[in-house]
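Participant: 3D model of this:
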Amino acid sequence: MLNFIYYPVSGILWVWHKVFGFILGDGSFGGAASWALSVVFLVFTLRVILFKPFVAQVKSMRKMAEFQPEIKKLQKKYANDKQKLAAEMQKLQSEHGVNPLAGCLPVLLQAPVFIGLNHVLRSFNRPGLSYDQNIKIANYWLPPDDVKSFLQARLFGAPLSSYIADTDLGTFVPHVDRLDVILVSIPLMIVASIATHLTARHNVARQTAAVTANPQTAIMNKLTLYLFPLGVLAFGAFLQIGLLFYWLSNNAWTLGQQYLVYHRIDREEAEAKQKKVEQRNNLAPKPGQKPMQQVRRPAKPQDAVPATDPLDTVADKAPEQSDSSSNGASAPAGGAVNGSGESTKIPGLAPDRARKKQSRKRR
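Facilitator: Down below sits the predicted model:
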């Protein structure tokens, strides 16, 4: 039914087993290590494919910080109506092109791989068949020889397809001790649970207030912080050792990926802010520099007032003067004498120049 998942998962597992089998060999330890590493690099292959969607999702979440004031207004307006608040929050996020559930996309895409790997690992021990019968049947992409290699591989005595709660332990794979399975599974369960919690805590710590304000996101954060790690401990006894390797390597990759991506985005944002500050400083006047003065536009010729001689203006207005010797009055310095003997000052003329002008006029 889900062969479109089982065949790709088994095919990637087969490719990595060939790579590590060539490097480590087919010995007792090398065979088990090559299969364990095949599961780990199956995870890494998937996470490399999902790397760009993860970066896009992180950037989308960071955009929510831009409309945080609007979110606070909604929280204040609908403080007593949680349903209306959730509806308005979804509407606001839709207007800004942000989907708070986009963070679930990597998990949703990894779920089919997890299901497919679980089925492929269990298919090494087909129900109702003995060990001799299982090693003669191909497991999807894995040929019978690789099925036999997997069943013979033991990690500290525990097969990768075994799990603590397996009631048929030792039936399909001979000479298996449950204590060996417990000693290998429990440390992996504890480390996987801690890695799950640390990954969720790092992700929640980097979320903006705008993201955590969404009720759906808050519920999802609580699930990933506490329920998922406890689930690994509670249900780890029902998970095959190969799946525990899958869970541990997946969370280890996620933790490292978050650290690198978040720090790169922080660095890019810091550089962008620094560039804006430098541009603003370049446009601002330097200390001690006078601000630029506006240069006046020279007047057009038609707008200029024609120059006039103040002496001519006064001479035209003054009545014709009689001889100064007849009335015995003389023009004061810098002025002229009118008919009544009063002096008229000529503005803008020095005394000597005024006398010469009056003398010429009498002649």
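
Participant: what's the average pLDDT for the biggest helix by length in the chain?
Facilitator: Scanning the chain for the helix with the most residues, using DSSP state H, yields helix 241-283. Mean pLDDT, computed over helix 241-283, is 85.

Participant: hey, which helix or strand in this structure has the poorest pLDDT?
Facilitator: helix 324-327 (a mean of 42; mean pLDDT, DSSP states H and E).

Participant: returning to what we had before: from the contact counts, what lies against the longest helix of the chain?
Facilitator: Counting contacts by 3 or more C-beta pairs under 8 Å, 6 or more residues apart in numbering; DSSP states H and E, helix 241-283 is packed against helix 28-49, helix 51-63, helix 105-122, helix 178-205. (Each C-beta comes from the backbone N, C-alpha and C, glycine too.)

Participant: report the angle between the axes of it and helix 178-205?
Facilitator: Relative orientation of helix 241-283 versus helix 178-205 (axes from the mean of the first three to the mean of the last three C-alpha atoms, to 10 degrees): 20 degrees.

Participant: Run the angle between helix 241-283 and helix 51-63 for me.
Facilitator: Here the directions of helix 241-283 and helix 51-63 differ by 50 degrees (the same axes, to 10 degrees).

Participant: Renumber starting at 38 from here on
Facilitator: Understood, numbering begins at 38; the last thing we discussed is helix 278-320.

Participant: The helix or strand residue 44 falls within packs against which elements?
Facilitator: Assigned by DSSP states H and E, residue 44 belongs to helix 40-61. Using 3+ C-beta pairs under 8 Å, 6+ apart as the contact test, the elements touching helix 40-61 are helix 65-86, helix 142-159, helix 181-189.

Participant: In it, which residues are buried?
Facilitator: Under the neighbour-count criterion of 16 or more other C-beta atoms under 10 Å, helix 40-61 has 42-43, 45-47, 49-51, 53-54, 57-58 buried.

Participant: Excluding sequence neighbours, find me the nearest residue to residue 49.
Facilitator: residue 79 (5.2 Å; C-beta to C-beta, 6 or more residues apart in numbering).

Participant: ok, now residue 186?
Facilitator: Leaving aside its sequence neighbours, residue 186 sits nearest to residue 68 (C-beta to C-beta, 6+ apart; 6.0 Å).

Participant: And the one you found, how far from residue 197?
Facilitator: 10 Å (C-beta to C-beta, to the nearest Å).

Participant: Overlap in contacts, those two.
Facilitator: Taking C-beta atoms under 8 Å, 6 or more residues apart in numbering as the contact rule, residue 68 and residue 197 both touch residue 190.

Participant: higher neighbour count, these two?
Facilitator: It is residue 197, of residue 68 and residue 197, that has more neighbours when counted by other C-beta atoms under 10 Å, with 24 against 21.

Participant: any idea how far that one lies from residue 46?
Facilitator: According to C-beta to C-beta, residue 197 and residue 46 sit 14 Å apart.

Participant: tell me the contacts of residue 288?
Facilitator: So residue 288 contacts 229, 232-233, 235-236 (C-beta under 8 Å, 6+ apart).
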